[in-house]
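S.K.: Sequence and predicted structure, then a few things I'm wondering about:
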Amino acid sequence: MATPRLNTNIVLATIVLLSLTSIAQCIDCFKCVSMNGRFPACDDPFHNNHSLNMLESPCMGGRKGRDGLFPATSCIKIAGVFDDTGETITVRGCGLDSGTATTDTEIIRMSHCGRFYYNDRYVHGCLQSCNDADACNTSHRTSVPATFLMTYVITVLLSHAVTS
């Protein structure tokens, strides 16, 4: 017969292993465009007060060489200034890896700042991508992952239940 201490260890180990398991899903991302501050809700600082109408769930994106939309794997945010007019631009959306061999052809694989083309115009700014949480293309990231927080709460509750 198993002891209560052994049962507790098995339950805790199972919870930890399950919390580390990832499930392939589509990510939810904010989608909006603001040109020269015309849509302040999309610009930085980004406040998540009334932005649910900008949250696309699930977020779908195009894939190189394929027709149609596919479940996105990352959120993106572009923020910059057009070189020719000085107008600002903020774009929030989603994307997915198309499976090409090099990082420089995949927009979601590497965040970077500098100059790039957007609609045949030079922009000086930053392109950022994230895939660690739904709606991660806001200004500020969540400091504690939800999986960790859930695992901690369940562990505390189970340890109290077993010892009682």
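M.R.: The structure has been received and is ready for your questions.
S.K.: Arg109 reaches Asp97, doesn't it?
M.R.: Yes. The pair Arg109 / Asp97 is scored as a contact, 6.7 Å apart, by C-beta atoms under 8 Å. Just so you know, the C-beta spots here come from the backbone N, C-alpha and C atoms, and that holds for glycine as well.
S.K.: Beta-bridge partners for Arg92, please?
M.R.: Beta-bridge partners for Arg92, by DSSP bridges, are Cys32, Lys77.
S.K.: isn't it right up against Asp43?
M.R.: No. Arg92 is beyond contact range of Asp43, at 9.8 Å (criterion: C-beta under 8 Å).
S.K.: neighbour count winner among the two?
M.R.: Using other C-beta atoms under 10 Å, the more surrounded residue of Arg92 and Asp43 is Arg92, with 26 against 19.
S.K.: Helix or strand with the lowest mean pLDDT in the chain?
M.R.: One helix or strand of the chain scores below all others by mean pLDDT, DSSP states H and E: helix 146-163, with a mean of 54.
S.K.: Give the residue spans of this protein that score low on pLDDT.
M.R.: Confidence mapping of the chain against pLDDT under 70 gives the ranges 1-25, 48-51, 99-106, 139-164.
S.K.: What are the boundaries of the helices in it?
M.R.: With DSSP state H as the criterion, the chain has helices at 4-20, 146-163.
S.K.: Now stretch 85-101: buried residues?
M.R.: Residues of stretch 85-101 classed as buried: 88-96, 98 (neighbour count, 16 or more other C-beta atoms under 10 Å).
S.K.: hmm, I was thinking of stretch 121-140
M.R.: Buried residues in stretch 121-140, counting neighbours by 16+ other C-beta under 10 Å, are found at 123, 125, 127-131, 133-138.
S.K.: Pick the one among those residues closest to Ala72.
M.R.: Set against Ala72, the nearest of the buried residues of stretch 121-140 by C-beta to C-beta is Asn131 (8.9 Å).
S.K.: In this structure Gly37 contacts Val81, no?
M.R.: No. If you go by C-beta under 8 Å, Gly37 and Val81 don't touch, sitting 11.6 Å apart.
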